[in-house]
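[1] Okay, here's the prediction I keep looking at, along with the sequence it came from:
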Amino acid sequence: QQQVKQSPQSLIVQKGGISIINCAYENTAFDYFPWYQQFPGKGPALLIAIRPDVSEKKEGRFTISFNKSAKQFSLHIMDSQPGDSATYFCAASISFGNEKLTFGTGTRLTIIP
Amino acid sequence: DAGVTQSPTHLIKTRGQQVTLRCSPKSGHDTVSWYQQALGQGPQFIFQYYEEEERQRGNFPDRFSGHQFPNYSSELNVNALLLGDSALYLCASRASGGLETQYFGPGTRLLVL
């Protein structure tokens, strides 16, 4: 079965620190790797995404690092802020635009002052 | 633009009953997907509708069925409800052939007693 494994399950980071969430996948056909942010009572919202032809993508304080040979990718949140406290999900699909996303199990991030 | 809207927001049903959940896609979007998110888990893909037909399906039994209307809105039907069907049901929409990824609605929280 296609799986995306995500760790850690929960993470506490001090304000201003770096939050790092890791994901690993099995299906080498995956070609699109988005990260979603979900606040309580809301649906997931796209944060940043990467294709396997690049090893890193940065948007503001958010960076995805991608290691194709290891089949791993990670989200780095620089200068973490209390407003970043949410649940983060990594996901994968076999192509951009393919609605069948396979999600990780989520990481609950808490930023403390 | 109201984004993706779903109704109802919450629903309580009894085992064996049937339920219908509704989704209106974001303006300009013609493709709708449904996901099931159990508590503490990542969303799982149920199926996708485009041009009023089911185009892709995840690993869900036939008790889960759907429909897409000419105005692109969609319904998710679940028959013979089980306790394990208790979850947040998310609808996502996108414009076919577009460059944007899918947008998620806030979900319908279903509790089966």
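    Looks like it came in fine.

[2] Point me to the residue sitting farthest from the middle of chain B.
    B:Leu99 (22.1 Å; Cα atoms, centre = their mean).

[3] In contact with that one: list those residues for me.
    By Cβ atoms under 8 Å, 6 or more residues apart in numbering or on different chains, the contact set of B:Leu99 is empty. No exception for glycine: its C-beta is placed from N, CA and C like everyone else's.

[4] helix or strand for it, which one?
    Per DSSP states H and E: B:Leu99 is located in neither a helix nor a strand.

[5] So for it, what's the pLDDT?
    pLDDT, B:Leu99: 70.

[6] Ramachandran angles for it?
    B:Leu99 adopts backbone torsions of phi -100, psi -10, taken as degrees, to the nearest 10.

[7] Which residues of chain A lie near chain B?
    Residues of chain A found near chain B (Cβ under 8 Å from any Cβ of the partner chain) are A:1, A:4, A:6, A:34, A:36, A:41-46, A:49, A:89, A:91, A:96-106.

[8] filter these to the buried ones?
    By neighbour count, with 16 or more other Cβ atoms under 10 Å in any protein chain shown, these hold A:4, A:6, A:34, A:36, A:43-44, A:49, A:89, A:91, A:97-106 as buried.

[9] Can you spell out which residues form a bridge with the residue nearest the centre of chain B?
    For chain B, the residue sitting closest to the mean C-alpha position, by Cα atoms, centre = their mean, is B:Trp34 at 3.2 Å. Applying DSSP bridges to B:Trp34 yields these beta-bridge partners: B:Phe47, B:Cys91.
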